[in-house]
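Participant: sequence and predicted structure, then a few things I'm wondering about:
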Amino acid sequence: MDWISYLFNPPSGLTLTEILIIGFILGVLHGATPDEHTWPITFSYAVGKYSTRGGIKAGFLFSLGFTLQRAFLTTLGYIGLASFYNYYNLDGPVYIIVGIVMAIAGSYILKGKYLHLPFDKLLKGHEHHTAMAERKKLHEENEREVPIKMTIVHGLIAGFGFGAYATIITFVLSPQLPSIFFAPILGLMFGLGTMLMQIIFGGLFGSLLRFNKLSEEDIKCLGQKTAANVLYYGGYAFILVGVLVILLPNIDSWGISTGLAIPNLDALNIGFLMVVLTVGVIATISMIKIYNEQCKLRKMVQSNQTKR
């Protein structure tokens, strides 16, 4: 039996040590592969903290919430109460709830900008539209820090999404455990494996903005605005997909096979497309747009200083 088959189709009669090791490795693979519930959220908060350290913290906190939920899930699997996943597809509702939380967090960072409240402009007052004022305005709009503690809430909610990895640890590995005492430990091991990779990716995402010799102020602005856009617009994309999955359940099972036997890499499906849309399209467009705005403002400031 090759290792792929051993991991994704574990045999019966495994020892406790083997079960826990397999659970941890599955967690590592889950965190390393593009998952629609982990990557967009970790990316958003990590970039929003615009540093390697901040990104690591974002990955850790998200995985902490996710790990707690997985410990609960494997306990349900051991006592046989997770069978409702066999009868009900919760992907749609989970997409919607995750999307709502993302949109709320994005709105918070944007300080209500996209809520279109009629009194927003009145509260901001009047400003002289000089290059310095515009530059100041660009940064002041982002003074509200990314609510990184929200990642724990995201992790708890996202954990209710049920894919191939959750199926293995809940319905194949958990029932083989010697007692209920070890059931949450299996979920903990899976969560720790995911946490390891999310910390690594969070650090990479967080350091992504350290390029082109941008000032600390520009990096902060770019990171927070990118995070806000990914969370806000990505949140609405999640809500839309969730509604579509509820109305058209077959969409959730659609996919184009890649020929790979590793979950999250085995097909181009809705989950994979959500990762591409949020981490790829929305984030890239936001970064380019905001970066160009900053370059334009810097040139205006330099031009005004030269004239003086």
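Facilitator: Nice, thanks for sending it over. Numbers count the residues shown, from 1 in each chain.

Participant: please enumerate the strands of the protein.
Facilitator: Chain-ordered strands for the chain, with DSSP state E as the definition, fall at 255-257, 267-269.

Participant: please identify the deepest-packed of those strands.
Facilitator: strand 267-269 (a mean of 16; mean count of other C-beta atoms under 10 Å). In this view, the C-beta of every residue, glycine as well, is placed from N, C-alpha and C.

Participant: pretty sure residue 210 contacts residue 219?
Facilitator: Yes: checked against C-beta atoms under 8 Å, the pair residue 210 and residue 219 is within contact range at 6.9 Å.

Participant: of the two, which one has the most company?
Facilitator: Neighbour tally, residue 210 and residue 219, criterion other C-beta atoms under 10 Å: the higher count belongs to residue 219, 17 against 13.

Participant: so what pLDDT did the closest residue in space to residue 54 that isn't next to it in sequence get?
Facilitator: With sequence-adjacent residues excluded and distances taken as C-beta to C-beta, 6 or more residues apart in numbering, residue 54 is closest to residue 206, at 5.0 Å. Per-residue confidence for residue 206 comes out at a pLDDT of 82.

Participant: what residues are up against residue 206?
Facilitator: Counting by C-beta atoms under 8 Å, 6 or more residues apart in numbering, residue 206 makes contact with 46-47, 49-56, 58.

Participant: now tabulate those residues in CSV and tack on pLDDT and neighbour count.
Facilitator: Output for the contacts of residue 206, formatted as CSV (pLDDT from 0 to 100; neighbours: other C-beta atoms under 10 Å):
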residue, pLDDT, neighbour count
46, 85, 34
47, 84, 30
49, 80, 24
50, 77, 26
51, 81, 19
52, 83, 17
53, 85, 12
54, 84, 22
55, 86, 30
56, 88, 22
58, 87, 32
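
Participant: just the ones in helices from those residues, please.
Facilitator: Secondary structure assignment (DSSP state H) places 46-47, 52-56, 58 from the contacts of residue 206 within helices.

Participant: can I get those residues in CSV including distance to residue 174?
Facilitator: Formatted as CSV, the entries for the ones in helices among the contacts of residue 206 read as follows, by distance: C-beta to C-beta, whole Å:
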residue, distance to residue 174
46, 31
47, 35
52, 35
53, 35
54, 35
55, 32
56, 30
58, 29
